[in-house]
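J.: sequence and computational prediction follow.
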Amino acid sequence: MKKHTTEQIVRKLREGEVLAAQGKGIAEICQALEVSTQTYHRWKKRYGQLDGDDVRRLRELEEENRRLKKLVADQALDIQILNEVNKGKW
């Protein structure tokens, strides 16, 4: 399984639009892009309306979300450790 970046997905969707404008069918487009039909439709639904600035902003938000999730996990671990210390389990 190949993990595509958001930029790669948007680029492939644009290539798909060009192929569609040339009269290619979905099966031909997916074969040219080397993705399944399901993947193509999922990408189109999620990323179909993005432009370059939107992609950059999405990447920034995903990175911020990752950092915040890590921060919350670290705080939850600290709270759990403090609770165990308070119960005298150390």
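T.: Yes, it's here.
J.: tell me which stretches of the chain form helices.
T.: Using DSSP state H, the helices assigned to the chain run over residues 6-21, 26-33, 37-47, 52-86.
J.: mind putting these in TSV, mean neighbour count and mean pLDDT included?
T.: (Each C-beta comes from the backbone N, C-alpha and C, glycine too.) TSV is the format used below for the helices of the chain (neighbours: other Cβ atoms under 10 Å; pLDDT from 0 to 100):
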stretch	mean neighbour count	mean pLDDT
helix 6-21	16	90
helix 26-33	16	94
helix 37-47	14	91
helix 52-86	11	90
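J.: quick check: domain ranges of this protein?
T.: What automatic domain parsing lists as the domains of the chain is 1-50, 59-90.
J.: what's near enough to touch residue 47?
T.: Residues counted as contacts of residue 47 (Cβ atoms under 8 Å, 6 or more residues apart in numbering) are 6, 9-10, 13, 55.
J.: ok, now residue 62?
T.: residue 6.
J.: how far away is it from residue 7?
T.: 12 Å (Cβ to Cβ, to the nearest Å).
J.: and what of residue 17?
T.: Taking Cβ to Cβ, one finds residue 17 at 16 Å from residue 7.
J.: cool, residue 48 as well?
T.: 15 Å.
J.: what's the answer for residue 20, then?
T.: The spacing between residue 20 and residue 7, counted by Cβ to Cβ, is 20 Å.
J.: do the same with residue 86
T.: Plainly put, residue 86 is 48 Å away from residue 7 if you go by Cβ to Cβ.
J.: try residue 59
T.: Residue 59 sits 8 Å away from residue 7, going by Cβ to Cβ.
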